[in-house]
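Undergrad: return a 3D structure for these sequence lines:
(chains A, B, C and D)
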Number of protein chains: 2
Amino acid sequence: MTINKTFDALADETRRKILELLKKKDMAVNEIAVNFSITLPSLSHHLSILKNANLVTARRRGQQIIYSLNLSVFEEAAKEIYNLFKIKNNKKV
Amino acid sequence: MTINKTFDALADETRRKILELLKKKDMAVNEIAVNFSITLPSLSHHLSILKNANLVTARRRGQQIIYSLNLSVFEEAAKEIYNLFKIKNNKKV
DNA sequence: TTATTATTTAGATAGTTGTCTAAATATCTA
DNA sequence: TAGATATTTAGACAACTATCTAAATAATAA
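TA: Got it, this is the predicted structure:
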């Protein structure tokens, strides 16, 4: 949940693309995979980083694991990022 | 100016701390340096990444180089980040 | 139970990056 | 001009990370 984990998770283009995909709908790993040209283990690695940063959640549906954006934490993270860098009181030297 | 460069620049804790410092006021490199325990070349490296991502600008004042937040681009980047991850239309599977 | 499908874990490797020391560049002062 | 101060550049190195192949785990189907 730290801001560090959030930024590390967002710093990779593949992971940002995964999040963009999950904005449209929840998806199983193999469904996500068709959008990339990396192997499944590599994709799984990225998913675990996103999961660890609480940006996504995973639930099993039969043989598949369905990934979703973790909406509450995600909105929260976006706001946190915005506020972190919102200028409040800049003084020129 | 790409979103990639922005995220890469923001993914490092030292660089985020530099930006926080520059929110308060413009600062010379040696003034920034007292807040960190890294060498000046390392700090200079971070500053060049921030500069390259257009998050800061640099101007010379005598022997010193004064760094400032690049307000316009900075606000823009913050909004871009916020919008990139704002949920518009999420559908459950 | 055996085979098939879906995903993750383990372990190795190559590329990237943050850090350092040493040297170079730029400005100011005596 | 010589010396001091401020910062960057160059080059090396260690740590990190994204990727891969091979193997393991989990659920379903035959």
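
Undergrad: next, count neighbours for the closest residue to chain B within chain A.
TA: Closest to chain B within chain A is residue A:11: 3.5 Å, counting by C-beta to the nearest C-beta. For glycine as for every other residue, the C-beta is placed from the backbone atoms N, C-alpha and C. Counted with other C-beta atoms under 10 Å in any protein chain shown, the neighbours of residue A:11 add up to 18.

Undergrad: nearest spatial neighbour of it, chain-adjacent residues omitted?
TA: Leaving aside its chain neighbours, residue A:11 sits nearest to residue B:11 (3.5 Å; criterion: C-beta to C-beta, 6 or more residues apart in numbering or on different chains).

Undergrad: contact partners for that neighbour?
TA: Applying C-beta atoms under 8 Å, 6 or more residues apart in numbering or on different chains to residue B:11 gives the contacts A:7, A:8, A:10, A:11.

Undergrad: what does residue A:16 give?
TA: If you count contacts by C-beta under 8 Å, 6+ apart, then residue A:16 has A:10, B:3, B:7, B:84 around it.

Undergrad: my guess is the third one meets residue A:10, correct?
TA: Right, residue B:7. Yes: counting by C-beta atoms under 8 Å, residue B:7 does reach residue A:10; the two are 5.7 Å apart.

Undergrad: tell me which entries of the contacts of residue A:16 lie within helices.
TA: Those of those mapping onto helices are A:10, B:3, B:7, B:84, per DSSP state H.

Undergrad: of those, closest to DNA strand C?
TA: The closest of the ones in helices among the contacts of residue A:16 to DNA strand C turns out to be residue B:7 (C-beta to the nearest atom of the strand; 10.5 Å).

Undergrad: spit out the contact partners of the closest one.
TA: Here residue B:7 is in contact with A:7, A:10, A:11, A:16, B:81 (criterion: C-beta under 8 Å, 6+ apart).

Undergrad: point out where chain A drops to low pLDDT.
TA: Where chain A drops to pLDDT under 70, the residues are A:1, A:87-93.

Undergrad: close to DNA strand C: what parts of it are there?
TA: By C-beta under 7 Å from any atom of the strand, the residues of chain A that approach DNA strand C are A:28-30, A:33, A:40-41, A:43-45, A:47-48, A:58, A:63-65.
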